Structure formats: C-alpha cells, structure tokens
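Student: would you be able to build a 3D model of this:
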Amino acid sequence: MYTQEFKRKFMKRHSAFTILSVWGLTILVAAGSAEAGNEQGIKFGYIDKSGKMVIKFEFDDAQPFHEQMAAIKVGSKWGFIDNAGRIVIDPQFEDAYSFEDDGLASVKIRDNNNKPCVVFINKKGNVVSSGPFYEGLAVVKIDDKYGYIDETNTVVIKPQFDGALAFHDGVAAVRVGDKLGLIDKTGTIIVKPMFDMIRGFREGIIVVEDSRWWNLYSPHTGYIETTGRIIAEPKFDRGGFFSDGLAAVQVGKKWGFIDRTGKMAIEPRFQEAGDFREGLAAVCVDGKWGFIDRTGKVVIDCTFDWVAPPRLFVKGLTVVRIGWKVGVIDKTGKAVIDFRFDGIGNFTYHEGIGVAVAATGGKVGLIDVTGNYIVEPRFDNMDDRGVREHGMIKVSVGEKFGIIDITGKLIAEPKFDEMSPYGFSEGLIAVKAGQKWGFIDRNGKAVIDFSFDKVGFFSEGLCAVGVR
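Tutor: Purely as a prediction, here's the structure:
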C-alpha cells in the first residue's frame with residue numbers, strides 16, 4: 001500500500017494534474033509533463049539502493065514505483081513497466097500518474113471530441129472510470145453525463161448529471177445545470193441542486209455557498225448534514241468548517257459561532273475568529289487576539305498582536321506575538337517561552353519530542369518546548385518538514401545545504417548545492433554536489449556516487465535517475 005510518506009512526496013513531485021474548481025466541482029485538469037522541465041537529451045533508468053543500475057537508461061522520463069509498476073515516457077507517450085523493466089502497458093497516454101492503493105492509475109487521453117481528459121485505468125491498461133474509487137464507487141462519464149460504477153465496473157447510478165464528485169460519508173455532490181446538490185449511494189437526490197459551491201465536509205457537516213442570498217460575487221455560506229438536513233440556510237457572510245461541534249460564522253462585520261443545530265451558540269461580537277481546538281478558539285477584539293472557550297467566555301485576554309496560523313493550540317501550546325517579539329503560551333495564557341524571539345515556527349513532534357525553528361538576529365536555531373536552544377541560531381534557514389517522519393531538519397548557510405537531527409547532531413555539513421525537497425526515502429536522500437546528484441544515508445555518508453543529472457526518490461527499493 002501507499003505510505004503517507006509516498007503520497008506526500010509524490011504529490012509534491014508530480015505536476016501532471018492541477019486541481020481546479022469549476023461550477024463548484026473539484027476536478028483534475030491535465031497540466032503538462034509529469035516530469036516538468038525534463039531536459040532534452042536526458043535518458044532515465046532505475047538504480048537500487050546500492051547504486052547499481054537495474055533498469056537501463058532508455059526512457060525519456062520516469063516516475064517512482066508503486067504497486068510494482070512505474071510510469072515511463074517513450075518519445076511523447078507514457079506507458080508502464082514492471083520492476084524488471086518490462087513494458088506491461090504500451091506507451092499511449094499523453095500523461096500518466098502512478099498506480100494507487102486501489103490498483104488504478106490516472107492518465108491523460110483525448111476524448112471523442114479530441115479534448116484532453118483524465119481517466120483511470122487498471123493494471124491491464126483498460127479505462128475503468130473517470131475518477132478514483134471512494135466508498136466502493138467511482139465517477140464515470142458516458143455520453144457527456146456523469147454517473148457511478150462499482151468495483152466490478154457495473155453502472156450502479158445511471159449517468160444523468162452534468163458533473164459529479166466522489167462519495168464521502170455516504171453522499172456525493174452532483175451538478176445539474178449550474179447548481180449543486182447531494183445524492184446518496186442509490187442515486188436518490190437528498191438535497192436538490194440549488195447551491196453554487198460545496199466547499200467540503202467536516203464532522204459530518206457540509207459547508208455550502210449560494211449567491212442567491214447576496215450576489216454572484218459574494219455568495220453566502222450555509223450548512224447541511226450528510227443526511228441532507230439543512231442546518232443553516234446560506235445566510236452568513238462567511239463561514240468556517242465545524243470543529244469541536246462549533247463553526248465560526250460572519251454576520252455583517254462580526255464573527256460568532258453556531259452549533260450543529262444551526263443555533264447561534266456564541267453571538268457575533270468578534271472582528272475575526274478561528275476554529276476550536278483543544279476546547280479553545282482564537283478571537284480578535286479591537287485588533288488584539290485572545291482565546292475563548294466553547295461557552296464564549298474569554299479565558300485568555302485579547303492582548304496579543306498576532307497568533308501564529310492556523311491559530312490553534314497543539315499539545316497545549318500556541319505561538320503568539322506582542323509588539324515585534326514572539327513567544328509561546330499555554331492554555332491558561334501563561335508564557336511558557338518568553339517573548340525574546342524574532343520568530344518561532346509551530347512545534348513539530350517526532351517520537352514525542354517537540355521542536356520548533358526560532359529566529360534571532362537574522363539567524364535561525366532550534367528550540368525545545370521550554371524555549372531552550374537545542375541548536376544555537378547559526379543557520380540562515382531551516383526546513384523542518386521532515387521532522388515528523390524522520391526527525392531530520394534541512395539547514396542552510398548561504399547557498400549550501402546540510403542536515404541536522406532533532407537532538408542538534410550535525411548529520412551532514414552544509415556543503416551541498418541542492419538537496420531533495422522530498423526528504424529521506426527508504427533511508428536515503430538525494431543531494432547535489434556541483435552539477436551531479438548522488439545519495440547520502442542518515443549518517444551523512446555518501447552511499448551512491450554523484451553521477452546523475454536528475455533524480456527522483458526511492459520507492460520499493462528503486463529510484464528513477466537520469467543521465468545525459
């Protein structure tokens with residue numbers, strides 16, 4: 001199965017499809033080459049973790065392996081190979097994406113009107129749907145109408161809609177004309193198409209927007225349950241998602257909160273308001289930020305000039321600013337880290353250890369949850385996106401990159417010209433020295449020579465690499 005690591009890394013790497021909102025429906029739109037910017041003259045193959053070439057350099061582009069298959073490009077067309085390098089689906093697609101856990105891959109083809117479209121194929125290369133399977137059903141397009149098929153490719157909801165999205169919590173958004181509604185898994189319309197946008201689901205409640213209540217350029221927000229029951233008509237100027245049973249809504253110029261019945265649980269009296277987390281929500285009064293509880297009582301006075309996005313408590317802590325200095329408070333409002341920093345990132349945790357990037361005097365270091373330095377501020381930049389998965393942090397001095405771990409140990413001196421944005425994968429990370437790429441391990445040791453012009457990341461023991 002896909003690991004979360006694979007999904008995160010490959011979504012960052014892959015640029016084949018762009019997500020757009022059209023008529024309130026989120027769709028996939030083809031957006032160019034899967035390996036954007038591939039230079040002419042580079043051929044791709046695959047190496048193993050020892051650096052040995054296991055699939056020779058004969059492709060014009062290549063993607064990571066998953067489900068023992070990988071998308072490759074020959075000339076201008078994409079197909080698929082197995083982990084022995086054998087072509088198992090002939091190159092025929094204008095673009096292609098890796099196979100996912102459900103055994104389907106998205107590819108770009110031309111429809112009957114010669115327009116580009118994205119469809120899903122199985123491991124035999126057969127088109128099975130217009131979308132991925134969710135809750136056992138997938139969107140299918142037949143004669144310009146959308147319906148749903150099950151995993152046996154049987155049409156279970158007749159194609160009759162002008163647009164359709166995947167099922168979540170037993171319901172799916174569909175478009176009829178230029179309006180959106182909801183259907184259940186039998187195809188029965190449970191909310192008639194009357195909304196301009198369905199923004200998403202959270203806590204079993206859907207956020208909808210409808211311009212009829214205002215005007216085309218400033219639609220109002222409402223809420224419906226996945227059962228189809230309307231909680232609140234689209235009458236709020238703006239609205240957030242439900243969290244901890246409440247949702248922030250704007251009435252005029254003030255924000256308050258409604259409960260799951262649509263009743264105003266906290267009257268609108270705030271300039272701005274955030275989501276509830278750990279029983280508290282950030283609110284702004286007269287330009288100053290504080291926190292309220294679920295009754296609307298101010299439990300941390302509005303004295304702060306700023307609360308770090310996403311303005312939530314995580315493990316009882318949040319980053320705030322007074323004047324031009326930043327510190328950290330707990331849920332009582334007590335400063336657990338003094339206001340002495342120019343900036344503090346949100347805390348990230350790995351195996352129970354919390355760390356944050358902190359800036360002072362134009363340099364960045366690493367602090368623990370008490371505010372003590374793990375690494376004194378001596379780097380120009382830190383990228384902590386790899387902390388949660390690997391406990392590793394990319395650092396830079398000038399235009400050179402290195403790696404430290406969350407204990408402050410220097411894994412690799414800042415000496416590399418580039419470093420893979422995907423982090424460590426299967427224990428290795430790609431780094432660039434001069435004009436060539438190679439790989440180092442978690443100890444900073446070079447384990448694969450610097451001999452490649454392009455690199456991907458390791459998946460299922462193999463990595464796509466390119467050479468001129």
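
Student: which pLDDT value goes with the residue nearest to residue 102 when sequence neighbours are not counted?
Tutor: In space, and not counting its chain neighbours, residue 102 is closest to residue 133: 5.0 Å by C-beta to C-beta, 6 or more residues apart in numbering. To be clear about C-beta, it is placed using only N, CA and C from the backbone, and glycine gets the same treatment. Predicted confidence (pLDDT) for residue 133: 88.

Student: please apply the same query to residue 162.
Tutor: Predicted confidence (pLDDT) for residue 162: 96.

Student: wait, it sits on residue 173?
Tutor: No: if you go by C-beta atoms under 8 Å, residue 162 and residue 173 don't touch, sitting 11.8 Å apart.

Student: neighbour count winner among these two?
Tutor: When residue 162 and residue 173 are compared for neighbours, residue 173 comes out ahead with 27 against 17, by other C-beta atoms under 10 Å.

Student: run through the bridge partners of that one.
Tutor: Under DSSP bridges, the beta-bridge partners of residue 173 are residue 182.

Student: residue 114 belongs to a helix, doesn't it?
Tutor: No: assigned with DSSP: H, G, I helix; E, B strand; the rest coil, residue 114 falls outside any helix and is coil.

Student: now do the contacts for it.
Tutor: For residue 114, no contacting residues are found, by C-beta atoms under 8 Å, 6 or more residues apart in numbering.

Student: can you report phi and psi for it?
Tutor: phi 60, psi 30 (degrees, to the nearest 10).

Student: next one: residue 419
Tutor: Residue 419 adopts backbone torsions of phi -140, psi 140, taken as degrees, to the nearest 10.

Student: and the residue nearest to it when sequence neighbours are not counted, what element?
Tutor: Distances taken as C-beta to C-beta, 6+ apart place residue 401 nearest to residue 419, at 4.3 Å, with adjacent residues excluded. Applying DSSP states H and E as the criterion places residue 401 in strand 400-405.

Student: just the CA coordinates for stretch 69-78, please, in CSV.
Tutor: Provided in CSV are the C-alpha atoms of stretch 69-78 (Å, rounded to 0.1, in the frame of the first residue of the first chain):
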residue,chain,number,x,y,z
MET,A,69,4.7,-0.7,-11.6
ALA,A,70,6.1,2.7,-12.7
ALA,A,71,5.0,5.2,-15.4
ILE,A,72,7.7,5.8,-18.1
LYS,A,73,7.8,8.0,-21.1
VAL,A,74,8.9,6.9,-24.6
GLY,A,75,9.0,9.7,-27.0
SER,A,76,5.9,11.8,-26.3
LYS,A,77,3.8,9.0,-24.8
TRP,A,78,3.5,7.4,-21.4
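
Student: from the chain's centre, how far out does it sit?
Tutor: In terms of C-alpha atoms, centre = their mean, to the nearest Å, the centre of stretch 69-78 is found 25 Å from the chain centre.

Student: from start to finish, how long is stretch 114-124 in a straight line?
Tutor: Its start and end residues considered, stretch 114-124 measures 23 Å (C-alpha to C-alpha, to the nearest Å).

Student: cool, stretch 101-117 as well?
Tutor: Taking C-alpha to C-alpha, the first and last residues of stretch 101-117 lie 22 Å apart.

Student: for stretch 313-331, same thing?
Tutor: Per C-alpha to C-alpha, the first residue of stretch 313-331 is 8 Å away from its last.

Student: got a list of contacts for that stretch?
Tutor: So stretch 313-331 is in contact with 277-280, 282, 289, 291, 299-300, 303-308, 311-312, 335-347, 349, 354, 356, 369, 371, going by C-beta under 8 Å, 6+ apart.

Student: tell me how far residue 156 lies from residue 118.
Tutor: 22 Å (C-beta to C-beta, to the nearest Å).

Student: the two: which has the busier surroundings?
Tutor: Using other C-beta under 10 Å as the criterion, residue 156 and residue 118 rank with residue 118 on top: 19 against 15.

Student: does residue 299 touch residue 282 like I think?
Tutor: No: proximity of residue 299 to residue 282 does not meet the contact threshold set by C-beta under 8 Å, at 11.5 Å.

Student: need the overlap of contacts for those two.
Tutor: With C-beta under 8 Å, 6+ apart, residue 299 and residue 282 have common neighbours residue 291.

Student: now stretch 347-363 - C-alpha only, CSV.
Tutor: Extracted C-alpha coordinates of stretch 347-363, given in CSV (Å, rounded to 0.1, in the frame of the first residue of the first chain):
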residue,chain,number,x,y,z
PHE,A,347,6.1,23.0,17.1
THR,A,348,6.6,19.7,15.3
TYR,A,349,6.8,16.4,17.1
HIS,A,350,8.8,13.2,16.4
GLU,A,351,8.6,10.3,18.8
GLY,A,352,7.2,12.5,21.5
ILE,A,353,9.9,15.2,21.1
GLY,A,354,8.7,18.7,20.2
VAL,A,355,11.0,21.2,18.4
ALA,A,356,10.5,24.5,16.6
VAL,A,357,12.6,26.7,14.4
ALA,A,358,13.4,30.0,16.2
ALA,A,359,14.9,33.2,14.7
THR,A,360,17.0,35.8,16.5
GLY,A,361,19.2,38.4,15.0
GLY,A,362,18.8,37.2,11.4
LYS,A,363,19.8,33.6,12.2
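
Student: averaged over its residues, what pLDDT does that stretch have?
Tutor: Mean predicted lDDT for stretch 347-363 stands at 95.

Student: quick one: contacts of that stretch?
Tutor: So stretch 347-363 is contacted by 314-315, 317, 319, 340-346, 364-369, 373-374, 377-380, 382, 384, 387-391, 393, 406 (C-beta under 8 Å, 6+ apart).

Student: in strands, which of these fall?
Tutor: 319, 340-341, 343-344, 364-368, 373-374, 377-379, 382, 393 (DSSP state E).

Student: note down every partner strand of the helix or strand residue 440 falls within and its orientation.
Tutor: Under the criterion of DSSP H and E, residue 440 resides in strand 436-441. Here strand 436-441 is paired, per DSSP bridges, with strand 428-433 (antiparallel), strand 446-452 (antiparallel).
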